[in-house]
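In: Fold the following, please.
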Amino acid sequence: MRKVEWISQRCDPKTLAAHQLMEDQVTTCQPEDKAITVAHKLYDGNIGSLPVIDAQKTLLGIVTEFDILRAIETEQNLLQIPVSTIMNPRVVSVTEETSFMEIVKLLQEYHLLRVPVVRGTTLVGILARGDVILGYIKATDVGSGG
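Out: Numbering: from 1, shown residues only. Model prediction:
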């Protein structure tokens, strides 16, 4: 569920934190998943990236459409390669308490579409740029009809 949908009172958006904005039902993949399966998930979900997690939901990496395209460009067989071979293990992530403005800065600085939310090393949610923008709108414009 998108937590941002529950913002019902005007507030200073700077007081918001990741846990108030994130989606807690995250589409993910496992490191052993074939790249073609991940490509399907990205396309079917109309999303640009997927967190790669293990059975304990430990965040291991992230795979993006760019990673899939790079694999295609280098003539790797998506039917055969595990996503672990093309994922990026260096993930920019935030904690549940990361502030609104810090999230905005990270999204801008790293040109991210989505950022995983972690508790320790465990994936607990995901934040898309749209969630942050909607959080700002809802915090500043609740009840105005716009």
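In: quick one: contacts for residue 124?
Out: For residue 124, the contacting residues are 22, 24, 57, 96, 117-118, by C-beta atoms under 8 Å, 6 or more residues apart in numbering. For every residue, glycine as well, the C-beta is placed using N, CA and C.
In: Now neighbour count and distance to residue 31 too, for the residues you listed, in TSV please.
Out: Converted to TSV, the contacts of residue 124 look like this (neighbours: other C-beta atoms under 10 Å; distance: C-beta to C-beta, whole Å):
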residue	neighbour count	distance to residue 31
22	27	23
24	13	22
57	16	13
96	14	24
117	28	20
118	21	17
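In: Let's see which of those residues end up in helices.
Out: Counting by DSSP state H, these place none of their members in helices.
In: can you tell me which helix in the protein is longest?
Out: When the chain is parsed with DSSP H, its longest helix is helix 129-141.
In: Now it: average pLDDT?
Out: Averaging pLDDT along helix 129-141 yields 90.
In: Contacts for it next, please.
Out: So helix 129-141 is contacted by 2, 4, 7-8, 10-13, 16, 20-23, 100, 103-104, 107, 112-114 (C-beta under 8 Å, 6+ apart).
In: Give me the buried entries from the residues you listed.
Out: Buried subset of these (neighbour count, 16 or more other C-beta atoms under 10 Å): 2, 4, 7, 13, 16, 20-23, 100, 103-104, 107, 112, 114.
In: what two of these are the furthest from one another?
Out: By the measure C-beta to C-beta, 7 and 112 form the most distant pair in these, at 21.7 Å.
In: What is the helix or strand harbouring residue 51 packed up against?
Out: In this assignment (DSSP states H and E), residue 51 forms part of strand 49-53. When contacts are defined as 3 or more C-beta pairs under 8 Å, 6 or more residues apart in numbering; DSSP states H and E, strand 49-53 packs onto helix 35-45, strand 59-64, strand 122-128.
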